[in-house]
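*Asks:* show me how the following folds:
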Amino acid sequence: MTKKLPLRQCVGCGEMKTKKEMMRVLKAEGEEICLDLTGKKNGRGAYLCKSMTCLQKARKNKGLERSFKMSIPAEVYDALEKEFADGSTE
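*Replies:* Predicted coordinates for the structure are as follows:
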């Protein structure tokens with residue numbers, strides 16, 4: 001029997017994919033938001049496809065704001081885009 005893979009929804013495009021195909025954006029205790037590359041850090045997670053377009057869509061449609069139920073400053077998105085560009089698999 002094959003193991004059921006956990007699916008997550010991208011906050012950018014809304015597609016459902018397996019956790020391994022996605023990137024986790026983490027809201028840590030101190031309202032700090034960062035990329036969780038291990039997927040194991042404590043905190044509230046939101047998932048994005050591993051593409052810059054999904055990150056930009058999430059920025060435009062306020063996907064992360066909805067996920068974390070808080071407003072997210074532009075600097076956070078800029079930092080995510082920079083982290084994304086540095087550690088991007090594409």
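
*Asks:* where does pLDDT dip in the chain?
*Replies:* Within the chain, the set of residues satisfying pLDDT under 70 comprises 1, 87-90.

*Asks:* how about a cut-off of 50?
*Replies:* By pLDDT under 50, the weakly predicted segments of the chain are 89-90.

*Asks:* residue boundaries of the helices in it?
*Replies:* According to DSSP state H, the chain carries its helices in the segments 52-60, 63-68, 74-87.

*Asks:* quick one: closest of these to Lys40.
*Replies:* Among those, the nearest to Lys40 by CB to CB is helix 74-87 (16.1 Å). Just so you know, the C-beta spots here come from the backbone N, C-alpha and C atoms, and that holds for glycine as well.

*Asks:* now the closest one: buried residues?
*Replies:* For helix 74-87, a neighbour-count test (16 or more other CB atoms under 10 Å) marks 76-77, 80, 83-84 as buried.

*Asks:* tilt between that helix and helix 52-60?
*Replies:* 170 degrees (axes from the mean of the first three to the mean of the last three CA atoms, to 10 degrees).

*Asks:* show me what counts as buried in stretch 16-30.
*Replies:* Buried, per 16+ other CB under 10 Å, within stretch 16-30: 17, 22-27.

*Asks:* so can I have CSV of those residues showing distance to Pro6?
*Replies:* Output for the buried residues of stretch 16-30, formatted as CSV (distance: CB to CB, whole Å):
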residue, distance to Pro6
Lys17, 10
Met22, 10
Met23, 15
Arg24, 12
Val25, 16
Leu26, 16
Lys27, 19
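
*Asks:* give me the number of residues near the closest residue to Tyr77 other than its chain neighbours?
*Replies:* Nearest non-adjacent residue to Tyr77, counting by CB to CB, 6 or more residues apart in numbering: Arg59, 4.8 Å away. Other residues within reach of Arg59, judged by other CB atoms under 10 Å, total 20.

*Asks:* Arg59 contacts Glu75, doesn't it?
*Replies:* No - judged on CB atoms under 8 Å, Arg59 makes no contact with Glu75 at a distance of 11.9 Å.
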